[in-house]
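>>> This is a predicted model, with the sequence first.
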Amino acid sequence: NGELKIIKNNALEDFINNEDPVGDRVFADCESLETIHLPTHLINTGYGTFDRCLNLNSPNIRDTQIDQISENCFGACFKIQVLELPESVHSIESIALRSCYELNTLIINSSNLVIEDRAFSRCDKLNRLVFTKGAPSSFGETLFDEKGKTPDGKGYISDSSHMRGEVIPYPTLYYTAAYA
């Protein structure tokens with residue numbers, strides 16, 4: 001049915017534990033994977049963990065202890081529309097969400113976060129960044145891998161194959177009432 005659930009007593013428990021990261025590209029190219037529920041004790045993911053899981057639309061990582069969204073972690077996961085990051089995340093690495101074409105909302109629950117250059121490369125539909133614990137400590141210069149910025153600074157010129165050369169408005173930044 002397209003769903004993978006990893007639970008404490010599952011045979012995969014030896015594979016995912018408190019000390020070892022999920023391996024590099026371990027779920028990469030699982031085109032039928034639609035939903036995944038990771039264990040709450042999970043701390044690390046490897047490079048490209050879910051890369052090219054073309055139908056992944058509902059990765060449930062909110063309740064994990066993941067400390068970074070690694071390069072290509074969700075690269076080319078075309079169907080993700082909303083992603084909520086756990087409070088433990090301190091870094092979104094370059095191209096972590098590369099080509100998540102349908103991603104429109106990213107909810108960030110971390111108070112101390114670094115977002116690297118190109119973290120949202122080719123995520124041209126990302127129009128809402130929600131910060132529940134305050135602004136990130138650092139933003140990269142070109143989060144969307146843009147070719148250029150509009151003269152008024154409110155948008156960028158896309159370099160993605162889907163929107164090449166089009167002007168895309170930068171996302172609206174939302175802060176919870178405690179940090180507004």
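Structure's in. What do you need? Residues are numbered from 1 along each chain as shown.

>>> Regarding the residue lying farthest from the centre of the chain, what is its secondary structure?
Centroid-distance maximum for the chain: P151 at 28.3 Å, with Cα atoms, centre = their mean. Following DSSP: H, G, I helix; E, B strand; the rest coil, P151 is assigned to coil.

>>> Then R118?
Assigned with three-state DSSP, R118 falls in the coil class.

>>> buried sites along stretch 110-122?
By neighbour count with 16 or more other Cβ atoms under 10 Å, stretch 110-122 contains the buried residues 110, 113-122. C-beta here means a position set from N, CA and C on the backbone, and glycine is covered the same way.

>>> Contacts for it, please.
69, 85-101, 103, 106, 126, 133-134, 136-145, 158-162 (Cβ atoms under 8 Å, 6 or more residues apart in numbering).

>>> what about that stretch, distance to the chain center?
Offset of stretch 110-122 from its chain centre (Cα atoms, centre = their mean, to the nearest Å): 9 Å.

>>> How about stretch 38-47?
Averaging C-alpha positions (Cα atoms, centre = their mean) puts stretch 38-47 14 Å from its chain's average.

>>> do stretch 156-167 as well
20 Å.

>>> go on, stretch 87-107?
Centre-to-centre, stretch 87-107 and its host chain are 2 Å apart (Cα atoms, centre = their mean).

>>> Equivalent analysis for stretch 121-135, please.
10 Å.

>>> for it, which positions count as buried?
Result for stretch 121-135 [16+ other Cβ under 10 Å]: buried residues 121-126, 129-134.

>>> residues contacting the residue nearest to T150 when sequence neighbours are not counted?
Leaving aside its chain neighbours, T150 sits nearest to V167 (5.9 Å; criterion: Cβ to Cβ, 6 or more residues apart in numbering). For V167, the contacting residues are 150, 155-158, by Cβ under 8 Å, 6+ apart.

>>> Sweet, I'm off.
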